[in-house]
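Asker: Please work out how this folds:
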Amino acid sequence: MKRFLFFAAAIVIFSLGAFTQQGATAASIPDTPEAKVSAFYTWFIKNDSDQGYPLREKDIEEYVAADTVKRLRNDYSHGGPPNGVDYFLKVQDYDSHDWLTHIATHPAIMLDGVAVVPVTFGSTDKVDVLVFMRKLDGLWKITKVVDTWDYK
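Answerer: Purely as a prediction, here's the structure:
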């Protein structure tokens, strides 16, 4: 009987600890467009390498709208990235170590259910992009990324 009570108490304590930890983690990550964009680019840059590209990974669907992922995968399968630059970063080459430690998200601009989040990468040769997001199924998802270059 003592053995049963010990195991039951251990299970209850373990369960409470797991739920408390899970709740603390979820509560510490704000549900904002800026936080989601920052998390996306941290994940993206860490997973972008000569051996693989994040667009091929299932995890991208946590951050990017399914329709956008589908269209980009189709575009990449027919000749590479649009305009010869990475769709999400808007460059061909970048210093991943510098960019990973210098991702600056600026306050989102809200336009009728769409959040536009300006992002600046890098510490010296800075690059800016505008990330468009929409809440889909209760989660902020990237729907489009555009550069800030002049039209030429």
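Asker: now the helices: where do they sit in this structure?
Answerer: 2-28, 33-47, 66-77, 96-101 (DSSP state H).
Asker: what's the model's confidence in the longest one, averaged?
Answerer: By that I understand helix 2-28. For helix 2-28, the mean per-residue pLDDT is 40.
Asker: Check stretch 97-116 too.
Answerer: 97.
Asker: Need the per-residue pLDDT for residue 141.
Answerer: Predicted confidence (pLDDT) for residue 141: 97.
Asker: Need the pLDDT of the residue nearest to it when sequence neighbours are not counted.
Answerer: Spatial nearest neighbour of residue 141, chain neighbours left out: residue 65 (4.3 Å); criterion: Cβ to Cβ, 6 or more residues apart in numbering. Just so you know, the C-beta spots here come from the backbone N, C-alpha and C atoms, and that holds for glycine as well. Listed pLDDT for residue 65 reads 98.
Asker: swap in residue 125?
Answerer: 89.
Asker: mind listing what residue 61 touches?
Answerer: For residue 61, the contact set (Cβ atoms under 8 Å, 6 or more residues apart in numbering) comprises residue 69.
Asker: In the chain, which residue is most central in space?
Answerer: Nearest residue to the geometric centre of the chain (Cα atoms, centre = their mean): residue 40, 1.4 Å.
Asker: And that one, how far from residue 73?
Answerer: Distance of residue 40 to residue 73, given as Cβ to Cβ, to the nearest Å: 17 Å.
Asker: do the same with residue 122
Answerer: On the measure of Cβ to Cβ, residue 122 and residue 73 end up 27 Å apart.
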